[in-house]
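Asker: take a look and give me a structure for this.
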Amino acid sequence: MSDLEKRRYARIHFERNVQLEFFTEIYDKCQVRNISLGGMFITGNFPSNLSDQCYVNLTQTGKQTYLTLQALAKVLRQDDEGLALNFTSMSFESLLSLEMILLYQAREKSSDIEIKLPKDLPFEINEESSSIPDKYSVFLDRNK
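Answerer: You can find the predicted model right below:
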């Protein structure tokens, strides 16, 4: 069975910067190649070993969006192109951010996928940003 057949989650092409924090080093602006519900592939050369753990810090911003993904991951595979990371732990809020990133990327990259919202939503959807001040966001304080 090939590695592609072993994958539990489909990977989405995703070119963004991410910060990796290993216990001895911090790498800013690492390039993500692809992402899935199970992990991500980071391009580059890193002095790490299989099963090493790191913190993944990814922020996705847009006109009206601010998504933050903070997760604990372990090195699943390392080769000349980079690291395959497997998520091992994340908050519920980070899971929601990851799901939103995946849905958005899938919708943008594939004309075969169409995501429609139900017509009978119990709330109104508007384009305004949240009225909750950013200072209450648990993601802004890295010391928590």
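Asker: how about the longest strand anywhere in the chain: buried residues?
Answerer: Secondary structure of the chain read by DSSP state E shows that its longest strand is strand 66-78. Of the residues in strand 66-78, those with enough neighbours to count as buried (16 or more other Cβ atoms under 10 Å) are 67-71, 73-75, 78. For the C-beta atoms, the positions are set from N, CA and C on the backbone; glycine is no exception.
Asker: so for that strand, what's the average pLDDT?
Answerer: Average pLDDT, strand 66-78: 91.
Asker: which residues does the helix or strand that comes right after it contact?
Answerer: Where DSSP states H and E defines the elements, the next helix or strand beyond strand 66-78 is strand 82-90. For strand 82-90, contacts defined as Cβ atoms under 8 Å, 6 or more residues apart in numbering pick out 33, 37-46, 48, 53-54, 56, 69-78, 98.
Asker: what number of residues lie near residue 25?
Answerer: As a burial measure, residue 25 scores 11 neighbours (other Cβ atoms under 10 Å).
Asker: same thing with residue 88?
Answerer: 11.
Asker: what about the lengthiest helix in the chain, average pLDDT?
Answerer: Taking DSSP state H as the criterion, the chain has its longest helix at helix 92-109. Helix 92-109 shows a mean pLDDT of 80.
Asker: show me what that helix is packed against.
Answerer: In terms of contacts (3 or more Cβ pairs under 8 Å, 6 or more residues apart in numbering; DSSP states H and E), helix 92-109 is packed against strand 12-13, strand 26-35, strand 66-78.
Asker: any chance of these in TSV, plus distance to residue 103?
Answerer: Output for the helices and strands packed on helix 92-109, formatted as TSV (distance: least, Cβ to Cβ, whole Å):
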stretch	distance to residue 103
strand 12-13	9
strand 26-35	12
strand 66-78	11
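Asker: so where's this structure shaky on pLDDT?
Answerer: Within the chain, the stretches with pLDDT under 70 are 1-7, 107-144.
Asker: how does it look with 50?
Answerer: Across the chain, the ranges flagged by pLDDT under 50 are 1, 111, 113-115, 117, 121, 125, 127-136, 139-144.
Asker: residue 72 and residue 53 touch, don't they?
Answerer: Yes. With contact defined as Cβ atoms under 8 Å, residue 72 counts as touching residue 53 (6.2 Å).
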